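>>> Quick one, structure for this:
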Amino acid sequence: MLSPFTFFLLITNLTYSFFDIFGTIDILAGTGPGNSTTVLIYNLYRDLQFNHNTGMAATQSVLLFALVAGLTILQFRTTERRVTYNA
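Numbers count the residues shown, from 1 in each chain. Just a heads-up that it's a prediction; the model follows:
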């Protein structure tokens, strides 16, 4: 009975993890020593807000969407077989 709920949480948390790290990096470290804490979502923000490079930011956002969508589809194909809705 828990498998549909677990499957939903797995997909939701994976998607959320790509976007949730932004606040932590921005508040605690910024770019860090030698840009060591720069992840894709934070680099997208810096390119748009500080460097005013909208083309690069748009490309990164499409890439981030494709990455999250691809990982979600992969999880659906591999995990959905084990999810049962029978009582």
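>>> And the contacts of stretch 58-70?
With contact meaning C-beta atoms under 8 Å, 6 or more residues apart in numbering, stretch 58-70 is reached by 14-15, 18, 40-41, 43-44, 47. Placement of C-beta: from N, CA and C, glycine included.
>>> Just the buried positions in that stretch, please.
Judged by neighbour count (16 or more other C-beta atoms under 10 Å), stretch 58-70 contains these buried residues: 60, 64, 68.
>>> got the contact list for the spatially most central residue of the chain?
Centroid check for the chain by C-alpha atoms, centre = their mean gives Phe18 as the closest residue, at 2.1 Å. By C-beta under 8 Å, 6+ apart, the residues touching Phe18 are 40-41, 64, 67-68.
>>> Which single one of those residues is nearest to Leu2?
Val68 (24.6 Å; C-beta to C-beta).
>>> returning to that earlier point: in CSV, list the buried residues of stretch 58-70 along with secondary structure.
Listed next are these as CSV, based on DSSP: H, G, I helix; E, B strand; the rest coil:
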residue, secondary structure
Gln60, helix
Leu64, helix
Val68, helix
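>>> State the helix or strand in which the residue nearest to the centre of the chain lies.
helix 3-24 (DSSP states H and E).
>>> by contact count, what packs against the following helix or strand past that helix?
In the C-terminal direction, the helix or strand that comes right after helix 3-24 (DSSP H and E) is helix 40-49. Packing contacts for helix 40-49, counted by 3 or more C-beta pairs under 8 Å, 6 or more residues apart in numbering; DSSP states H and E, involve helix 3-24, helix 54-79.
>>> weakest of the ones you listed in terms of mean pLDDT?
Within the helices and strands packed on helix 40-49, confidence is poorest for helix 3-24, with a mean of 79 (mean pLDDT).
>>> That helix vs helix 40-49, what angle?
Angle between the axes of helix 3-24 and helix 40-49 is 40 degrees (criterion: axes from the mean of the first three to the mean of the last three C-alpha atoms, to 10 degrees).
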